[in-house]
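Q: Let me see the structure of the following:
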Amino acid sequence: NITGGTIKKDVYGGGNQNGSGTSSKDADVTINMTDGVVLGSIYGGSNISGTVYGNTNINIIGGTVNTNVYGGGKGNQTFVRDASNVTIGSDNSTLNILGNVYGGSAFGVVNGESTTNASSSNTTVIVNNGIIQGSVFGGGEGNNTYTPYVLGNVKVIINGGNISSVYGGHDKSGSLNKTVEVFLKGGTIGETYGGGNKSSVSVTNVYQEGSNVNFIYGGSNVIGDVETTNVLVTGGVSGNVFGGNNLGGTVGTTNVTINKGTITNSVYGGGNKVSTIKTNVILNGVDGTIPNVYGGGNAADATTVNISQNGADVENLFGGSNTSGSVLETTIIHNSGNTQNIYGGNNEGGNTLKTTINYINGVSANIYGGGNEASVLGDTKVDINGGTFNGNIYGGGNYGRVSKNALVTISDANITGSAYAGGNGQT
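A: Take a look at the predicted model:
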């Protein structure tokens, strides 16, 4: 237990070159910190080498940690056989962590006795309160030489606190074998990633339930490929929500579902500056109005885009991307809800090859089969089967060109304005 004073270097739950317990004798490690200052880092595991034959439980309730907190050990020959549990802060605590918090180790293994011998245990990071000036990672740190391993499921739960960024995955490198889940229940967060900082993840799950977050990414940050991302928003305040990655790597399939909560800027099915193969955006509801929804990314490519509008209030809905990016095919199905303007293609730049808008019901002002200022290189199709329109319906774009055919079919609707096979500006 650390209840006060100053520790000038690091704290280890294990030994320097040995661990805790044996293969036949379980031995859990628990570190409790309620006050004081640790100038180095806190490790649940060992320093150079050693196995903890049990769980590590790191409870940093108060005080100041000048560097990092790890659920696992430091060296690449350190192992935590069973669960790694890290809890940061309590409702009434004053806590400051100047570095990062890791559910995994710096360069070793948690949830197993080797890189391939996994236990049935998992890794959990819970933040209840405090100021974390760095980042929170469900995984480990890693570097260009050593790869940390988390062999169990990863769960990151943010109940409160003020955090720069949150990651479900690893930092600089790492391997994740199972499920990654990030729960945002409270607190203030700059950026949240279901994936890693510079590492890959197979499948990610981000649940925004009540935090205040500037940016949410289903995928990774700088580099790292992700097979499938799932982002579900049911509460809280979110600035921008991306199904894909931020700056590097690629994502195979993204699933973004908005049920409730406040969106202050935009929802993107794809990534910020990197491509996504398939995006699925489902809009079931929201508190207030979503200013912008993009089936594609911000300045990013996408291959196939699917958007289902089932009842949210949206100002502008784009099948494609925002400032740039090539999108091969977009499909928008408008079942209900209030959507002011609908564009089958991109917004400011880039291009779309083929767009389809199937409007079944709802209330809208204007519909454009093409883009806003961006071009459609192939065909556009607008199929109106019901709904109320306070403006006009265009088969083409607003100011963007459609290179091939623009088709508008109206079977049932209440249209105050006009219907044009072409566009508003040029088509």
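
Q: what are the ranges of the strands in the stretch 301-427 of the chain?
A: 302-318, 326-343, 351-359, 363-368, 375-376, 380-384, 388-389, 393-394, 406-410, 414-415, 419-420 (DSSP state E, counting those that start in this stretch).

Q: Check which helices and strands the fifth one sits against.
A: Taking 3 or more CB pairs under 8 Å, 6 or more residues apart in numbering; DSSP states H and E as contact, the helices and strands that strand 375-376 lies on are strand 351-359. To be clear about C-beta, it is placed using only N, CA and C from the backbone, and glycine gets the same treatment.

Q: Helix or strand: which one has residue 216?
A: strand 212-217 (DSSP states H and E).

Q: residues making contact with that strand?
A: 184, 187-195, 206, 208, 231, 233, 236-242, 244-246, 271-272 (CB atoms under 8 Å, 6 or more residues apart in numbering).

Q: Show me what residue 165 bridges to in the sheet.
A: Counting by DSSP bridges, residue 165 is bridged to residue 135, residue 191.

Q: Burial check on it, number of neighbours?
A: Using other CB atoms under 10 Å, residue 165 has 21 neighbouring residues.

Q: which ones are touching the residue nearest to residue 148 when sequence neighbours are not counted?
A: The spatially closest residue to residue 148, leaving aside those adjacent along the chain, is residue 140, at 2.9 Å (CB to CB, 6 or more residues apart in numbering). Going by CB under 8 Å, 6+ apart, residue 140 touches 70, 72, 102-108, 110, 148-150, 170-171, 174.

Q: Need the strands of the stretch 301-427 of the chain in TSV (columns: distance to residue 28 and mean neighbour count).
A: Shown next, in TSV, are the strands of the stretch 301-427 of the chain (distance: least, CB to CB, whole Å; neighbours: other CB atoms under 10 Å):
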stretch	distance to residue 28	mean neighbour count
strand 302-318	47	22
strand 326-343	51	22
strand 351-359	56	23
strand 363-368	59	23
strand 375-376	61	26
strand 380-384	62	23
strand 388-389	63	18
strand 393-394	66	26
strand 406-410	67	17
strand 414-415	67	13
strand 419-420	70	16
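
Q: on that earlier part again, list the ones among the contacts of residue 140 that fall in strands.
A: 70, 102, 110, 149-150 (DSSP state E).

Q: Now, of those, which are buried?
A: The neighbour count (16 or more other CB atoms under 10 Å) marks 70, 102, 110, 149-150 as buried among the ones in strands among the contacts of residue 140.

Q: Widest-spaced pair of those residues?
A: Spatial extent of these (CB to CB) is set by the pair 70 and 149 at 13.4 Å.

Q: shared neighbours of these two, which are they?
A: Common contacts of residue 70 and residue 149 (CB under 8 Å, 6+ apart): 104, 140.

Q: strand partners of the helix or strand of the chain with the lowest mean pLDDT, parallel vs antiparallel please.
A: Every helix and strand in the chain was compared by mean pLDDT, DSSP states H and E; the lowest is strand 175-176, with a mean of 85. Strand 175-176 pairs in its sheet with strand 149-150 (parallel), by DSSP bridges.

Q: roughly how far is the partner strand from the heart of the chain?
A: Mean C-alpha position of strand 149-150 versus that of the full chain (CA atoms, centre = their mean, to the nearest Å) differs by 20 Å.

Q: Same check on stretch 185-194?
A: Per CA atoms, centre = their mean, the centroid offset for stretch 185-194 relative to its chain is 9 Å.

Q: send the alpha carbons of it over as CSV?
A: Extracted in CSV, the C-alpha atoms of stretch 185-194 (Å, rounded to 0.1, in the frame of the first residue of the first chain):
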residue,chain,number,x,y,z
LYS,A,185,-20.1,6.2,-19.4
GLY,A,186,-18.9,9.5,-18.1
GLY,A,187,-16.0,12.0,-17.9
THR,A,188,-14.4,14.2,-20.5
ILE,A,189,-12.2,12.7,-23.2
GLY,A,190,-10.4,14.3,-26.1
GLU,A,191,-10.2,11.3,-28.4
THR,A,192,-11.4,7.7,-28.2
TYR,A,193,-10.2,4.8,-30.4
GLY,A,194,-11.6,1.3,-30.4
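
Q: buried set for that stretch?
A: 185-187, 189, 191-194.

Q: From residue 384, how far out is the residue nearest to residue 9 when sequence neighbours are not counted?
A: Using CB to CB, 6+ apart and skipping residues adjacent in sequence, the residue nearest residue 9 is residue 40, 4.5 Å away. According to CB to CB, to the nearest Å, residue 40 and residue 384 sit 65 Å apart.

Q: now swap in residue 49 and tell me
A: According to CB to CB, residue 49 stands 68 Å off from residue 384.

Q: now the end-to-end length of stretch 162-171.
A: Distance across stretch 162-171, first residue to last, is 19 Å (CA to CA, to the nearest Å).

Q: Enumerate the positions of it that are buried.
A: Quick answer for stretch 162-171 (16+ other CB under 10 Å): 162-163, 165-171.

Q: give me the number of residues near the residue nearest to residue 9?
A: By the criterion of other CB under 10 Å, residue 40 has 16 neighbours.
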